[in-house]
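Colleague: Have a look at this prediction, sequence included:
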Amino acid sequence: MKSYHFIAIGGAIMHNLALALVKKGHQVTGSDDEIYEPSRSRLEKAGILPPAFGWFPEKIHPGLDGIILGMHARIDNPELQKAKDLGIPIYSFPEFIFKQSENKKRVVIAGSHGKTTITSMILHVLKDQQLKFDYLVGAQIEGFDLMVGLSDAPIIIIEGDEYLTSPLDRRPKFIHYHHDIALISGIAWDHFNVFPDFEVYKNLFKDLMEMTPPSGALIYCEEDTLVREMAGQTVIKGKKIPYRAFPAQIQNGVTALETDKGWTPIYLFGDHNLQNLSGALNVCLELGLTKSQFFESIQSFKGAAKRLERLESKPEASLFRDFAHAPSKLKATTEAVKKQFPNRKLIAVQELHTYSSLNKDFLPNYANTMNAADEAIIYMNPHAASLKKLELMDEETLQKGFNRTDLKLFTDSKLLHHYLLNKDYSNTNLLLMSSGNYDNMDLQTIREKFN
C-alpha cells in the first residue's frame, strides 16, 4: 500500500484516478477549492472527500509516496510549494499513468475529435471478449464504474488529450504516455486560448506521430486531410496504418455495417462514427483480435455518455445530447442526425460555452457548421462570457459567423427552456450540443416530450 495526495482532486479524471487507487488498496487524500457533482458524492462514498475546501499545506508530509497534481491547481499553490520543499515526488496525471503502465503495451487514442468514442469502442470490445486491460477514458461508459482502471493487465488503452499537462508542464498530456500504438483521428483547431497559433497546434500531433517506436504502429484517419498529409510527411520505423469510414448503409433509421457475414446493425450512426469505428477496429486487430470478434462485440456498443447520446425516443421523434463544442464536432454531429433521419425536422441547439467558442475572433471557424439543421439555435450564458472576460456577441454577429440569417440566439436559459418546451416535436428530432449544461436548464421536462 502506498500513500498519495491529490492537489485538485475534484476534476473529472482526477477524482476517477483517486477512486481507482483506493480500489487498489492505496491510501488517498486530496484537496480542492471547489468540488461539484458527481465528483463530490463519489469521493464522499469512498471516504476521501476533503472535509473542507481550500489548500492546506499541513496535509503534505514526508510519509507521502507521491503528489498527483491536477491542471486546475495554480503554480503558487501552497500544498505544491510544501511538497517541493519536502522533496516529495510530484506527478502530473499523465506522468503518473505512465509510471503505472511502464511494463504494459500502451495504446494512445488522440485527435481533436472522436477520441472518447474510439477509446470507448475499444474498451467495450476488449471487455466483451473477456481480455484483461487497463484504461483511461474521458467519459462514463456503460459497463465501467470508473473512467480509470489500473491492474496487472498487460495492456492499457489511453485517451490521449492534447491539452496542457499541469501548471508545471505546458506540454500536451499525450506526449507523456510513450505509446506503442498511436491512433490520430483528426486535427481541427481547438483550445484557442491555449493554442492561438494553428501551426503550433498541428505540430503537437506531428510530435506524437514521430514518437512511434520501431516495434509500434501509427494508425490514422486518411479521410482527414491534415492527418493524411502529416502522416505522409512523418518518418517512422514502425507501421503506418491508414483507415477510412467503414462501409455501411442506413436501413429504416438504423445503421448497418457491410461485413463478410452480411449486414451487421449497430447503435451508432454518422459518417464520423463510421470513421471512429474503423479506427477502433484497426487498434483491436493490432492487439490480436479478429474482425469477427470485433463485429460480434461492437453490435452491443451504445456509445459514451454525451457522445451523440439518444436520451429519449418515440416512433416519430428523438432527443439527442452531444458534447460537441468545437466547429468540426458541431458540424459532424448535426449532419449525422439529419442524414440518419432525413425525413424528420431537425432542431439543433448549441451552447457556446468554451473560451474558443465565446471568442469573437474564433467565430469564423463556425461558418456553415449548423447548415444541416432545419432550425438552428445558439445559447450563450452572459455569466460564462464575463468569467472569461469576453464580450457577449449579439444575434446579428452570430448569424454572420455561422452564415445563417435565421439563427436564433438565447441568453437566458429559462427563456430557452420555455421555447423548447412549447415546440411541437411531431416528426422532429431535437439535438442539444454543449460541453456545459445550459446554466442548469431543466432537461427532465424536455425529455418528457419524447416519451
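Modeller: All right, it came through fine. Residues are numbered from 1 along each chain as shown.

Colleague: following the helix or strand encompassing residue 118, which helix or strand shows up next?
Modeller: Assigned by DSSP states H and E, residue 118 falls within helix 115-128. Going down the chain from helix 115-128, the next helix or strand is strand 134-136, by DSSP H and E.

Colleague: Give the residue spans of the stretch 251-400 of the chain that score low on pLDDT.
Modeller: Applying pLDDT under 70 to the stretch 251-400 of the chain flags no residue at all.

Colleague: can you list contacts of the helix holding residue 118?
Modeller: 107, 109, 111, 133, 135, 137-139, 141-144, 157-161, 183, 185, 268, 273, 276-277, 279-280, 283-284, 287, 289, 293-294, 296-298, 300-301, 303-304, 307, 323 (C-beta atoms under 8 Å, 6 or more residues apart in numbering). (Each C-beta comes from the backbone N, C-alpha and C, glycine too.)

Colleague: again, 6 Å this time
Modeller: Contact with helix 115-128 is made by 109, 133, 135, 137-139, 141, 157, 159, 185, 276, 279-280, 283-284, 294, 297, 301, 304, 307, as judged by C-beta atoms under 6 Å, 6 or more residues apart in numbering.

Colleague: what's the distance between it and the middle of its chain?
Modeller: 13 Å (C-alpha atoms, centre = their mean, to the nearest Å).

Colleague: Extract the residue ranges of the stretch 101-250 of the chain that are flagged as low pLDDT.
Modeller: In the stretch 101-250 of the chain, residues with pLDDT under 70: 190-194.

Colleague: now the strands for it?
Modeller: Applying DSSP state E, counting those that start in this stretch to the stretch 101-250 of the chain gives strands spanning 105-110, 134-136, 148-149, 155-159, 164-166, 169-172, 181-184, 217-221, 239-243, 248-251.

Colleague: Select, out of those strands, the one closest to residue 80.
Modeller: For these, the distance to residue 80 is smallest for strand 164-166, at 9.6 Å, taking C-beta to C-beta.

Colleague: Out of the contacts of helix 115-128, name the ones that lie in helices.
Modeller: 276, 279-280, 283-284, 294, 297 (DSSP state H).

Colleague: Could I get the CA-only coordinates of the helix holding residue 118 as PDB?
Modeller: The C-alpha atoms that make up helix 115-128 are tabulated as PDB, following Å, rounded to 0.1, in the frame of the first residue of the first chain:
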ATOM      1  CA  LYS A 115     -11.000  10.100 -29.300                       C
ATOM      2  CA  THR A 116     -13.500   9.400 -26.400                       C
ATOM      3  CA  THR A 117     -15.800   7.400 -28.700                       C
ATOM      4  CA  ILE A 118     -12.900   5.400 -30.200                       C
ATOM      5  CA  THR A 119     -11.500   4.600 -26.800                       C
ATOM      6  CA  SER A 120     -14.900   3.600 -25.500                       C
ATOM      7  CA  MET A 121     -15.400   1.300 -28.500                       C
ATOM      8  CA  ILE A 122     -12.100  -0.500 -27.900                       C
ATOM      9  CA  LEU A 123     -12.800  -0.900 -24.200                       C
ATOM     10  CA  HIS A 124     -16.300  -2.300 -24.900                       C
ATOM     11  CA  VAL A 125     -14.900  -4.900 -27.400                       C
ATOM     12  CA  LEU A 126     -12.000  -5.900 -25.200                       C
ATOM     13  CA  LYS A 127     -14.300  -6.400 -22.200                       C
ATOM     14  CA  ASP A 128     -16.900  -8.300 -24.200                       C
END
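
Colleague: Let me know the angle separating it from strand 155-159.
Modeller: Angle, helix 115-128 to strand 155-159, by axes from the mean of the first three to the mean of the last three C-alpha atoms, to 10 degrees: 160 degrees.

Colleague: Out of the strands of the stretch 101-250 of the chain, indicate the one that is most buried.
Modeller: strand 181-184 (a mean of 28; mean count of other C-beta atoms under 10 Å).

Colleague: packing partners for it?
Modeller: If you count contacts as 3 or more C-beta pairs under 6 Å, 6 or more residues apart in numbering; DSSP states H and E, strand 181-184 packs onto strand 105-110, strand 217-221, helix 271-286.
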